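*Asks:* Predicted structure and sequence below. I'll ask about it afterward.
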Number of protein chains: 2
Amino acid sequence: MKLIIEKIILLEKLTNVMRAISSRNLIPILNGVKFELKKEGLYLTASDSDLIIQTFIDKKEIKNIKETGVIIIQSKYLLDIIKKLPNGDINIEVIDGLKIIISTENTVFNLNCLSTEDYPQLEFDEIKNPINLESNILKEVIHQTIFAISNQESRPLLTGVNLKLVDNKLYCIATDSYRLAKKTIELDKTYENFDIVIPGKNLNELDKLLSENNNVEIQPFINKIIFKYEDYIFQSNLLSGVYPDTLNFIPKDFNFILTTSLFSFINAIDRAALLTQNKDKNIVKMETKTNEVLISSFASEIGKVEEKLLVDKNTTENIAISFSSKYMLEALKTFEEEDLLILLNTDSQPIILKSIKDETLIQLILPIKTY
Amino acid sequence: MKLIIEKIILLEKLTNVMRAISSRNLIPILNGVKFELKKEGLYLTASDSDLIIQTFIDKKEIKNIKETGVIIIQSKYLLDIIKKLPNGDINIEVIDGLKIIISTENTVFNLNCLSTEDYPQLEFDEIKNPINLESNILKEVIHQTIFAISNQESRPLLTGVNLKLVDNKLYCIATDSYRLAKKTIELDKTYENFDIVIPGKNLNELDKLLSENNNVEIQPFINKIIFKYEDYIFQSNLLSGVYPDTLNFIPKDFNFILTTSLFSFINAIDRAALLTQNKDKNIVKMETKTNEVLISSFASEIGKVEEKLLVDKNTTENIAISFSSKYMLEALKTFEEEDLLILLNTDSQPIILKSIKDETLIQLILPIKTY
């Protein structure tokens, strides 16, 4: 393998491909990045056991293809090396089959490589009717749900995001069993129904990969999902098991319908949370009065705080309810509207957050009993 | 104590005063900030055992002084609370002597306070002939030396920066015994000689405090030093003991005088350091050829790197010398000139770095024997 390529082109592609490499990976060969130079261009592939990212650099974007070939380069330091080379052309040349020389005018890196024979054969399937979404929409969906997944390996399914297609509606759901985030996307075409769970950590890497607003082609399979975006193929394994049927968790009728300013509510919770920040549950209390809500918290050694907030309320009844300020803030930050609906039944039933205009995003938080 | 003050004014002053509070402090009362409201304005004081910062907010900058008084407020959360309050006026009021209410229109924080009786009596001395320096110059001196102090508590004196005034020259010296940074400032007036060592951690806090370019008045005492800047008084204890007489460590004559581009040298070392970054000593080797220098490093499991760099050399002789790339990079980053002098004698004698025009900054690095 022998080629000349501009640093800036290689750096961008390599950065994105290497998102698949996990620092916790225990299989030595998967610490390498596969460089495969063919007549039509350069394929870069990286993988850990449950994620593969591949990209392609067309021959038009390569200065010179002198000799095709395949090599696995140790990924440790590789990105730093390319990053720190001066802008301009980089020469890449394999010598003796197991060493690679990466050089510019004044710099020569001579790096040991891994055997290509040990690298797993990776192939990508195709489905006929992929779902097409704008990457900005997909990124928004990820941001609106992924924070609610569980980080407890004891319930592995909850560490993923549930993607469920029913009757041309795509539901994205995440829950750690104390809160739930649900976003619905109306699709414009007919697709086959599916119900899968994508590991949260892989979705985080996908989110970083999607930098420009371009089309993403989504191909769900039984045990994996492929996202195609620009020159990238992103394939994630799925979590196996049956995700809880969460759609019924969300109440439809409410005793209390409060309308308040999202911005003021976020700031009030943010301040009320200050005194609870080092505690496990960071509980704050919300109490309705006639046309206002009092938000308060208390830390015996430090002191207490009370916030006043104007609200519209559908009833003359009042309610006091406590919840985790961390969960509440994370849920609130997924909304962008000026006004927010806070929907309640009793102090032991879920708190629902919704925008007034847009029904597609619902955040649910379980209250915490304080007595 | 009862007053109204604009958030932005209090926040800036409080942020700077609280730099004195150490997270490792074990004396409970020193976790508090002293608020002392007098007719002429508000004094804020914070301290750990070896640093005191005090500031003054003039009554002209306070909206309303309703009742003078003194209180010690728990510093934990205090800065966050002020930061997160909305811009505008803040009401501060002591109730029952040991509680403070910090409030705005919709927010009430009610915080426990510490007893003023427990707070140490702090007084600041004055000397007649303080040294005046621009804060930008003082900051530059700190940046050019402080990185070279030791972080080993076993040699406490070396964890400080030596400030030495001899015949109207102010020397600032830092060393961890493997490298040394020395900056000389010519003073325009006559002062009494002194030779003191300031704890590095306190100088770091001073550096952060000096935000605008204004005059700093420096008052050295036997066992402490005071810096006066804007409305701040910054008093640091000194490290006791006799600092090594480092001025004689720096050779005056050299066998090798190399001149090279600072920018290219930094980049070459930076890349050569890549393969050594996870090692203890991160050794790189520098070898002179006719009119160039080869910089190389080697990591058995990864590979090797070689950098070429153009130099002017005063002799036809050649030398190979090894050193820590980390120490070299830190030293190089204190220079701002285009060209740099690298001064050498043998492979076991100190490497000296100097600018061509400016003699006031000298960086010394001991080589590492690799055989």
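*Replies:* That came in fine, so what should we check first? Residues are numbered from 1 along each chain as shown, chains lettered A, B, ... in the order given.
*Asks:* Residue B:228 versus the residue positioned nearest the centre of chain A, what's the distance?
*Replies:* Centroid-nearest residue in chain A, with CA atoms, centre = their mean: residue A:204, separated by 3.0 Å. Distance, residue A:204 to residue B:228, by CB to CB, to the nearest Å: 50 Å. For every residue, glycine as well, the C-beta is placed using N, CA and C.
*Asks:* Share the number of residues neighbouring residue A:24, please.
*Replies:* Neighbours of residue A:24 under the rule other CB atoms under 10 Å in any protein chain shown: 6.
*Asks:* actually residue A:232, not the one I wrote
*Replies:* So residue A:232, with other CB under 10 Å, has 20 neighbours.
*Asks:* Touching stretch A:112-123 from outside, list them.
*Replies:* With contacts defined as CB atoms under 8 Å, 6 or more residues apart in numbering or on different chains, stretch A:112-123 is touched by A:28-32, A:34, A:45, A:47, A:52, A:54, A:70-74, A:94, A:98-100, B:301-303.
*Asks:* any idea which element residue A:258 lies in?
*Replies:* Applying DSSP states H and E as the criterion places residue A:258 in strand A:256-261.
*Asks:* That strand pairs with which strands, and in what direction?
*Replies:* strand A:312-313 (antiparallel), strand A:339-344 (antiparallel) (DSSP bridges).
*Asks:* Quick check: residue A:107 touching residue A:88?
*Replies:* No: when contacts are counted by CB atoms under 8 Å, residue A:107 is not listed as touching residue A:88 (11.0 Å).
*Asks:* which one of these two has more residues nearby?
*Replies:* residue A:107 (21 against 10).
*Asks:* Just give the nearest non-adjacent residue to that one, would you?
*Replies:* Spatial nearest neighbour of residue A:107, chain neighbours left out: residue B:307 (5.3 Å); criterion: CB to CB, 6 or more residues apart in numbering or on different chains.
*Asks:* residue contacts, that neighbour?
*Replies:* Residue B:307 neighbours (CB under 8 Å, 6+ apart): A:106-108, B:268-269, B:271-272, B:294-296.
*Asks:* Okay, and the beta partners of the nearest residue to residue A:59 once chain neighbours are set aside?
*Replies:* Using CB to CB, 6+ apart and skipping the chain neighbours, the partner closest in space to residue A:59 is residue A:41 (4.6 Å). Beta bridges link residue A:41 to residue A:38, residue A:58 when assigned by DSSP bridges.
*Asks:* mind listing what residue A:41 touches?
*Replies:* Taking CB under 8 Å, 6+ apart as the test, what residue A:41 contacts is A:56-62.
*Asks:* mind checking how far it is from chain B?
*Replies:* For residue A:41, the distance to chain B equals 26 Å [CB to the nearest CB, to the nearest Å].
*Asks:* And that residue, what's its pLDDT?
*Replies:* Here, the pLDDT recorded for residue A:41 equals 98.
*Asks:* The one 3 residues further on too?
*Replies:* Among the per-residue scores, residue A:44 shows a pLDDT of 98.
*Asks:* Next, give phi and psi for the closest residue to it other than its chain neighbours.
*Replies:* With sequence-adjacent residues excluded and distances taken as CB to CB, 6+ apart, residue A:44 is closest to residue A:17, at 4.6 Å. Torsion angles at residue A:17 (phi, psi; degrees, to the nearest 10) stand at phi -60, psi -40.
*Asks:* my guess is residue A:17 contacts residue A:35, does it?
*Replies:* No: counting by CB under 8 Å, residue A:35 is not a contact partner of residue A:17; they are 10.0 Å apart.
*Asks:* Give me the common contacts of those two.
*Replies:* Common neighbours of residue A:17 and residue A:35 (CB under 8 Å, 6+ apart) are residue A:44.
*Asks:* And for the residue nearest to residue A:44, the neighbour number?
*Replies:* Residues near residue A:17, counting by other CB under 10 Å: 25.
*Asks:* For it, list the residues it contacts.
*Replies:* A:33, A:44-46, A:53-55, A:232.
*Asks:* what do you get for residue A:223?
*Replies:* So residue A:223 contacts A:237-238, A:240 (CB under 8 Å, 6+ apart).
*Asks:* Please, a ChimeraX command that selects the buried ones among the contacts of residue A:41?
*Replies:* Typed into ChimeraX, the next command selects the buried ones out of the contacts of residue A:41 (criterion: 16 or more other CB atoms under 10 Å in any protein chain shown):
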select /A:56,57,62
